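**Q** Test case, fold it:
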Amino acid sequence: MDTVLSSIHACKPDNTNVGCPAGSGAVSAIQTSSFYAPPEATLGRHLARRLVEIGVEDVFSVPGDFNLTLLDHLIAEPRLRNIGCCNELNAGYAADGYARQRGVGACAVTFTVGGLSVLNAVAGAYSENLPVICIVGGPNTNDYGTNRILHHTIGLPDFSQELRCFQTVTCYQAVVNNIEDAHEQIDTAITTALKESKPVYISISCNLPAIPHPTFVIDPIPFSISPRLSNESGLKAAVDAAAAFLNKSVKPVLVGGPKLRVAKASGAFVELADACGYALAAMPSAKGLVPEHHAHFMGTYWGAVGTHFCGEIVESADAYIFAGPIFNDYSSVGYSLLVKKEKAIIVHPDHVVVANGPAFGCVMMNDFLKELAKKLDKNTTAFENYKRIYVKEGEVPKCDPSEPLRVNVLFQHIQKMLSGDTAVIAETGDSWFNCQKLKLPEGCGYEFQMQYGSIGWSVGATLGYAQSVPKKRVIACIGDGSFQVTAQDITTMIRCEQKTIIFLINNGGYTIEVEIHDGPYNVIKNWNYTGLVDAMCNGEGNCWTTKVTCEQELIVALEKANGEKRDCLCFIEVIVHKDDTSKELLEWGSRVCAANGRPPNPQ
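**A** Below is the predicted model of the structure:
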């Protein structure tokens, strides 16, 4: 899939991934170009317009001396807002959260000290197939190819360390240190991010963003990205093979996976579910991508820790379709799923494998699911069996409203808050398991980071997600250990006038690690979290905090958060016992511990 963008007078470098070195001749070209280009036709403004064109309205940034001029020109674009973050890690997490809702996100940091700080967030976006445009302000063009030592580096004249780090976690890298090929490099990077649905790295020398050049016209040539198309004969063969396999099965089931997002196939998945009548489930990391209001929805397929009766129906089926799955040690509960490849049709974003046998390449998931829906016989056997064995889960025991608050009681109240106008962000930890059990109304958003599982992700992601969709009220569930990693950007949420409700679940430590392998390192210093957020607010901005220890106080807090404090950021610290965990975390933790502790294979 190639872009049809062409640069006016742009040179074609020998290596478009690293750019052309800029010597005195390049500087001369830069200087003369300003005489026949309008003053607003700068590299920085061109990049800003490109971001707006692909749907980015907010760039999450941290200033540094190498990117200051670039930030000047980005914020000069009236359709682009600069969201200043407290650190680069959170700026990257915010771009991740933004991309989940908008389809693409962007962050801007300074060279090396900023780039290596944002690297972890970019790696997480890569693992989750999110197109994040990571923009770095780089060294002056005159410093490339010299023997100079620059600040913000590791003290060597070779400036490629940051680039080499990003090569492993981005799908394209553009080092723009030549004005003549900047247009082509930037456009190729952005196009590649959208095409591959992965992050890209763009480094722009600090002396280039303000220079006018005729390639950076006010109205750039529009992007035209050719769609990835299925091979028609391969598609037909894959559909025929899958339909023959499934139509002869007795009790097939349908399971949605997280790569439905990158394949943009959630709609086609629902079409298939409607047509075939199969019992329907979602892998844990696909929560929010599979409609839970569907008539045949059973719940989360997560082996021993999934929704009651869902795992039993899936694992006893004689055939199953997994659309966009990721089977890792976390999603497989320490590799304990009872799924057999010879019973499975695995639908990847661009190829299909039938019954551990033939693989059909160049078959797009969206096309495959739509065509398969036309060929399958209706079969409701598995769902009928699910209804036959299903027994409603027991009621949470009633408690005195004044006794210490239990986590399961907290999530009963969170469930009542959900609607199509809300979205849930679940932090790594026990919130994974408690939030999985929430029943999402139609239109309710849901996000968490399961593949990468970086604690602290949710603070920045909440900032970015809420900024991307201001009409929804975000409900974030964050553990105290995770919060301590990235707490600072609560201040940015306040400055952006966001109306998120944050539940800070304070149980005094890294509970998810405790259940995998306990030790004194899992105990953290307790903070006065509400006092901290009050200090961040500092009397400026719309923020309300409270601390609850029992259900009675929780009810009062929620009435206030949904009532008179509805139009401000609400931070509710929930004090719970250190051993108050979901039963699913206990089971999952023991199985992951067993997987981690396997002895080496004999040589």
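
**Q** in the stretch 151-300 of the chain, which spans are helices?
**A** All helices of the stretch 151-300 of the chain, identified by DSSP state H, counting those that start in this stretch, fall at 161-166, 182-196, 232-247, 260-263, 266-276.

**Q** Look up the closest residue to the most centrally placed residue in the chain, ignoring the ones flanking it.
**A** By CA atoms, centre = their mean, the mean C-alpha position of the chain lies nearest to Asp96, the distance being 4.8 Å. Among residues not flanking Asp96 along the chain, Ala125 sits closest, at 4.7 Å (CB to CB, 6 or more residues apart in numbering). (C-beta placed from N, C-alpha, C; glycine too.)

**Q** The one you found: which element?
**A** helix 115-127 (DSSP states H and E).

**Q** if we can go back for a sec, do you know how far the residue nearest to Asp96 is from Ile478?
**A** Remark: distance between Ala125 and Ile478 (CB to CB, to the nearest Å) = 19 Å.

**Q** before we move on, the earlier item: can you put the helices of the stretch 151-300 of the chain in TSV and add mean neighbour count and distance to Gly105?
**A** Listed next are the helices of the stretch 151-300 of the chain as TSV, based on neighbours: other CB atoms under 10 Å; distance: least, CB to CB, whole Å:
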stretch	mean neighbour count	distance to Gly105
helix 161-166	18	16
helix 182-196	23	10
helix 232-247	18	32
helix 260-263	23	14
helix 266-276	20	19
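
**Q** would a markdown table of these with distance to Lys547 be doable?
**A** Below are the helices of the stretch 151-300 of the chain laid out as a markdown table (distance: least, CB to CB, whole Å):
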| stretch | distance to Lys547 |
| --- | --- |
| helix 161-166 | 41 |
| helix 182-196 | 42 |
| helix 232-247 | 54 |
| helix 260-263 | 36 |
| helix 266-276 | 39 |
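
**Q** okay, and for the stretch 1-150 of the chain, where does confidence drop off?
**A** Scanning the stretch 1-150 of the chain for pLDDT under 70 picks out 1-37.

**Q** Now do the strands in it.
**A** 58-61, 81-84, 105-110, 132-138 (DSSP state E, counting those that start in this stretch).

**Q** partner strands of the longest one, parallel or antiparallel?
**A** The partner list of strand 132-138 in its sheet, established with DSSP bridges, is strand 105-110 (parallel), strand 200-205 (parallel).

**Q** now swap in the second one and tell me
**A** Strand partners for strand 81-84, identified by DSSP bridges, are recorded as strand 58-61 (parallel).

**Q** who touches the strand it pairs with?
**A** Among residues not part of strand 58-61, those counted as contacts by CB atoms under 8 Å, 6 or more residues apart in numbering are 51, 67, 71, 74, 80-85, 90-92, 94-95, 98, 105-109, 135, 460, 463-464, 467-468.

**Q** Tell me how many other residues crowd Glu505.
**A** Careful, residue 505 is Ile; it's not Glu. Here the number of neighbours of Ile505 (other CB atoms under 10 Å) works out to 27.

**Q** three-state assignment of it?
**A** Secondary structure state of Ile505, per DSSP: H, G, I helix; E, B strand; the rest coil, is strand.

**Q** Just the pLDDT for Pro358.
**A** Note for Pro358: predicted pLDDT of 86.

**Q** Over to the one 4 residues further on?
**A** Reported pLDDT at Cys362 in the predicted model: 96.

**Q** That one and Asn231 touch, don't they?
**A** Yes: between Cys362 and Asn231 there is a contact under CB atoms under 8 Å: 3.9 Å.
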